[in-house]
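*Asks:* For reference, the sequence and a predicted model appear below.
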Amino acid sequence: MNRNCKSCGGRIRYDIKSQKLICENCSSSFGVGDYGSDNNNENMDCDIYACSSCGAELIITNTESSTFCPFCGNATVVMNRVGKIKKPEVIIPFEVTAQDAVAKIKDKFNHGFFIPKVVHPEVSNLRGIYIPYYVTNVEFDGSILFQRYYKQRYYSHRRSGYCSANWVTTDASKKLNDDFSEKLEPYYFDKFKTFDEDYLLGFYSDIADVDEADAINTAKTRVTEYAFKKMTDTVPLTQKMSKSMRCTSEVYDKPITAMLPAWFYTYNYKGTPYTIAVNGQTGSVAGGVPWSKAKFFSLTAALALIFMALMFLVIYLTINSNMIMLYIFLCLLLGLGCFVLLYGRKLFIDSNGHNRLFDMIRSNKVASSSALTKYVNKRQEGQ
């Protein structure tokens with residue numbers, strides 16, 4: 001699957017900005033498909049590399065020979081075998097450049113009082129990966145009944161719904177945590193292309209290892225959970241005591257296999273690897289960063305001590321009938337409260353009303369490499 005320049009024999013890669021193939025040596029450009037890929041063949045030849053640390057397998061095409069694993073950050077990724085894999089049907093090419101991805105990561109994670117200054121992505125640290133996906137169309141039809149007996153009265157709420165969900169994406173890589181891949185969504189399929197190997201030049205490609213039947217079940221589960229949540233949200237909270245559900249979820253087309261783009265950045269903090277990913281089409285960022293517990297508890301303790309000192313001072317002045325000083329310190333106390341409310345909100349709450357600290361803790365659970373490579377490690381152990 002490697003390609004050499006027709007002009008000078010140099011290495012070529014897919015250029016995101018021009019959407020063409022560019023020679024790294026002489027800058028000659030070629031269109032996608034100019035190398036005559038055999039689109040009638042369902043399989044493609046590829047060099048499969050393996051990470052000696054986590055066991056991840058990747059296809060690496062026309063990239064550097066000395067590289068590292070984007071899932072766990074290990075620097076020892078070696079040639080494993082030459083193999084054949086089945087071609088996906090469609091692909092969404094990269095639209096976000098490595099420079100844009102670096103800027104988006106810095107914009108999201110280089111701000112915040114509790115975030116350690118450990119996220120320093122550079123273009124050379126990022127790896128562009130095409131992730132295998134199944135794309136499924138699902139029809140849902142169901143109902144839910146809530147019942148409650150309260151104060152000698154019987155309450156009943158029934159909700160029914162039907163929906164047709166198109167382009168439901170489920171990742172086909174067991175190495176990638178499902179929660180993590182869902183945070184990368186959505187991808188927009190109005191810009192998909194018929195698959196051509198030329199799009200992979202200069203990028204990594206993950207290998208699909210999820211069965212189609214498992215992907216269908218995952219898609220049906222996601223649509224069912226979404227539909228029931230929408231119906232449940234219309235019922236008053238006090239009436240949600242007991243419930244019975246009925247539903248059918250059916251796939252009305254064979255799932256499409258697709259390759260979808262993402263940039264990966266892996267770094268270590270105090271011996272724990274973390275992974276941040278950027279949607280290669282939309283630029284949305286998934287992942288998390290460690291938070292400084294020392295800063296959090298130090299700030300909490302400092303505010304508590306200041307508040308307690310002011311309260312004791314207020315009590316002392318009240319006992320000694322020093323009303324002028326009492327008013328001064330009450331004003332100081334009020335000012336401190338306003339400062340905590342205004343500045344503290346910026347520390348803990350973002351512009352969308354989300355709790356920064358809680359979101360950070362939740363994101364870290366799926367951003368650590370153990371979440372991304374859990375299945376691979378189990379497989380290596382023979383489980």
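*Replies:* Great, that's in hand. Predicted model, so just to flag it, every value in this text is computed and none were measured.
*Asks:* Show me the beta-bridge partners of Leu260.
*Replies:* With DSSP bridges as the criterion, Leu260 is bridged to Ile131.
*Asks:* pretty sure it contacts Tyr130?
*Replies:* Yes. With contacts counted by C-beta atoms under 8 Å, Leu260 reaches Tyr130, the gap being 6.8 Å. Just so you know, the C-beta spots here come from the backbone N, C-alpha and C atoms, and that holds for glycine as well.
*Asks:* domain parsing for this protein?
*Replies:* Here the domain assignment for the chain is 12-87, 102-290, 293-348, based on automatic domain parsing.
*Asks:* pLDDT of the last one, averaged?
*Replies:* Domain 293-348 carries an average pLDDT of 65.
*Asks:* and if you look at the longest one?
*Replies:* Averaged across domain 102-290, pLDDT comes to 84.
*Asks:* Specify the local secondary structure of Leu176.
*Replies:* coil (DSSP: H, G, I helix; E, B strand; the rest coil).
*Asks:* pretty sure it is touching Ile129, no?
*Replies:* No. Using C-beta under 8 Å, Leu176 is not in contact with Ile129, being 9.3 Å away.
*Asks:* Find residues that contact each of those two.
*Replies:* Asp206 (C-beta atoms under 8 Å, 6 or more residues apart in numbering).
*Asks:* number of nearby residues for Asp171?
*Replies:* Per other C-beta atoms under 10 Å, the neighbour tally for Asp171 reads 25.
*Asks:* Just give the closest residue to it, not the sequence neighbours.
*Replies:* Once flanking residues are discounted, Asp171 sits nearest to Ser181: 4.1 Å by C-beta to C-beta, 6 or more residues apart in numbering.
*Asks:* do Asp178 as well
*Replies:* Asp171 (6.8 Å).
*Asks:* Now do the same contact list for the one you found.
*Replies:* Asp171 neighbours (C-beta under 8 Å, 6+ apart): 131-133, 178, 181, 210.
*Asks:* Out of these, grab the one that's most surrounded.
*Replies:* Counting by other C-beta under 10 Å, top hit in those: Tyr133 with 28 neighbours.
*Asks:* In the stretch 201-350 of the chain, what residue spans correspond to helices?
*Replies:* 212-232, 293-319, 323-348 (DSSP state H, counting those that start in this stretch).
*Asks:* which helices and strands does the shortest one pack with?
*Replies:* Helix 212-232 makes packing contacts with strand 127-150, strand 153-171, strand 242-251 when contacts are defined by 3 or more C-beta pairs under 8 Å, 6 or more residues apart in numbering; DSSP states H and E.
*Asks:* Can you say which of those is nearest to Ser205?
*Replies:* For Ser205, the closest of the helices and strands packed on helix 212-232 is strand 127-150, at 4.5 Å, according to C-beta to C-beta.
*Asks:* Pretty sure Ile129 sits against Tyr204.
*Replies:* Yes. Applying C-beta under 8 Å, one finds Ile129 in contact with Tyr204, separated by 4.4 Å.
*Asks:* These two: who's more crowded?
*Replies:* Counting neighbours by other C-beta under 10 Å for Ile129 and for Tyr204 shows that Ile129 has the greater number, 25 against 22.
*Asks:* which residues touch the more buried one?
*Replies:* Here Ile129 is in contact with 58, 70, 203-206, 261-264 (C-beta under 8 Å, 6+ apart).
*Asks:* TSV please, covering these and showing distance to Pro255.
*Replies:* Formatted as TSV, the contacts of Ile129 follow (distance: C-beta to C-beta, whole Å):
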residue	distance to Pro255
Leu58	23
Pro70	26
Phe203	23
Tyr204	23
Ser205	19
Asp206	17
Pro261	19
Ala262	20
Trp263	25
Phe264	25
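*Asks:* which of these lies closest to Val96?
*Replies:* Looking at the contacts of Ile129 and their distance to Val96, the nearest is Trp263, at 6.9 Å (C-beta to C-beta).
*Asks:* The closest one contacts Val96, doesn't it?
*Replies:* Yes. Using C-beta under 8 Å, Trp263 is in contact with Val96, at 6.9 Å.
*Asks:* Compare the two (neighbour count), which wins?
*Replies:* Set Trp263 next to Val96 and count neighbours by other C-beta under 10 Å: Trp263 wins out with 28 against 21.
*Asks:* Report the contact partners of that one.
*Replies:* Applying C-beta under 8 Å, 6+ apart to Trp263 gives the contacts 96, 98, 101, 126-129, 277-278, 280.
*Asks:* In TSV: those, plus distance to Arg148.
*Replies:* Shown next, in TSV, are these (distance: C-beta to C-beta, whole Å):
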residue	distance to Arg148
Val96	49
Ala98	55
Ala101	50
Leu126	53
Arg127	53
Gly128	53
Ile129	49
Ala277	43
Val278	46
Gly280	48
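*Asks:* residues in contact with the residue nearest to Lys84 when sequence neighbours are not counted?
*Replies:* Spatial nearest neighbour of Lys84, excluding adjacent residues (C-beta to C-beta, 6+ apart): Asn43 at 4.5 Å. Residues near Asn43 by C-beta under 8 Å, 6+ apart: 84-87.
*Asks:* Could you measure from Asn43 over to Asp209?
*Replies:* Between Asn43 and Asp209 the distance is 16 Å, computed by C-beta to C-beta, to the nearest Å.
*Asks:* From Glu197, how far off is the residue nearest to Lys84?
*Replies:* 11 Å.
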